[in-house]
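Participant: Structure for the following, please:
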Amino acid sequence: MRFSLRPLLVPVLVVALSVPLGDATAVPHPTGAAARSTTASFSWPLAPPHPVVRPFEAPASPYGPGHRGVDLGGAPGEAVLAAADGVVVFAGQLAGRGVVSIDHDGGLRTTYEPLLPGVAAGQRVAAGATIGQLVAGHPGCPAAACLHWGVRRGAEYLDPLGLMSAGRVRLLPLEPS
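Facilitator: Predicted coordinates:
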């Protein structure tokens with residue numbers, strides 16, 4: 001089968017094949033930074049639908065302005081889920097809001113706020129386990145409640161959406177030529 005490199009001459013269908021995050025050398029996302037882990041596979045911290053109401057905005061410097069995570073629209077009382085297997089390193093109040101932070105393999109730490117924590121520091125959690133209940137009160141949230149979900153490796157903040165790889169993309173012809 002031959003394909004032309006000229007655009008629009010061969011219609012294609014994009015098919016995503018599921019590949020665990022650990023098999024990828026880097027997971028691309030809008031900011032261009034790589035968020036990968038050697039063994040972890042990540043999932044959404046809220047059950048669908050979970051609209052992204054504010055995207056990640058990388059800070060230009062460690063203390064500069066930016067949005068060090070994404071805000072996902074939800075409902076008060078909704079279960080907040082661990083995005084991957086890990087160990088809870090913080091669960092409690094911080095600056096008047098409930099926060100849970102989890103360390104994952106590969107040096108990644110995810111943080112979830114505002115929520116009513118349902119786990120304790122030192123507790124091992126599995127991907128998809130309920131770690132708390134979403135509460136209203138996130139500043140600037142256009143939904144009934146918003147979950148701020150952040151991730152970092154060391155001191156570097158990464159886009160959590162980069163953890164949500166659909167897998168390798170292959171282009172297939174729609175019709176045989």
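
Participant: where do the strands sit along the chain?
Facilitator: In order along the chain, the chain carries the following strands (DSSP state E): 12-17, 52-54, 70-74, 79-81, 86-94, 97-104, 108-113, 115-117, 124-125, 130-134, 145-153, 156-158, 168-173.

Participant: can you give me how far the shortest one is from the chain middle?
Facilitator: Here strand 124-125 is found 18 Å from its chain centre; the criterion is CA atoms, centre = their mean, to the nearest Å.

Participant: And for the second one?
Facilitator: Average the C-alpha atoms of strand 52-54, do the same for its chain, and the two points are 12 Å apart (CA atoms, centre = their mean).

Participant: Adjacent strands (with direction) for it?
Facilitator: Looking at strand 52-54 with DSSP bridges, its partner strands are strand 70-74 (antiparallel).

Participant: wait, which of the strands of the chain is closest to residue 64?
Facilitator: Smallest distance to residue 64 across the strands of the chain (CB to CB): 10.8 Å, for strand 156-158. (Glycine included, C-beta is placed from N, CA and C.)

Participant: Flag every buried residue along that closest one.
Facilitator: For strand 156-158, burial by neighbour count (16 or more other CB atoms under 10 Å) applies to 157, 158.

Participant: can you check stretch 66-85 too?
Facilitator: Of the residues in stretch 66-85, those with enough neighbours to count as buried (16+ other CB under 10 Å) are 67-74, 78-85.

Participant: What is the nearest of those to residue 41?
Facilitator: Distance to residue 41 across these (CB to CB) is lowest for residue 84, with 6.4 Å.

Participant: so what's the closest one up against?
Facilitator: Neighbour list for residue 84: 37, 40, 41, 42, 43, 102, 104, 108, 110, 127, 163 [criterion: CB atoms under 8 Å, 6 or more residues apart in numbering].

Participant: List the residues that contact the fifth one.
Facilitator: In other words, residue 43. Residue 43 makes contact with 81, 83, 84, 127, 128, 164 under the criterion CB under 8 Å, 6+ apart.

Participant: same question, the fourth one
Facilitator: Residues in contact with residue 42, defined by CB under 8 Å, 6+ apart, are 21, 83, 84, 127, 163, 164.

Participant: Nearest to residue 60 among the strands of the chain would be which one?
Facilitator: Closest of the strands of the chain to residue 60 is strand 156-158, at 11.5 Å (criterion: CB to CB).

Participant: Tell me the gap between that closest one and the middle of its chain.
Facilitator: 12 Å.

Participant: now the residue nearest the centre of the chain: how far from residue 96?
Facilitator: Nearest to the geometric centre of the chain sits residue 160, at 3.3 Å (CA atoms, centre = their mean). Spatial separation of residue 160 from residue 96 under the definition CB to CB, to the nearest Å is 23 Å.
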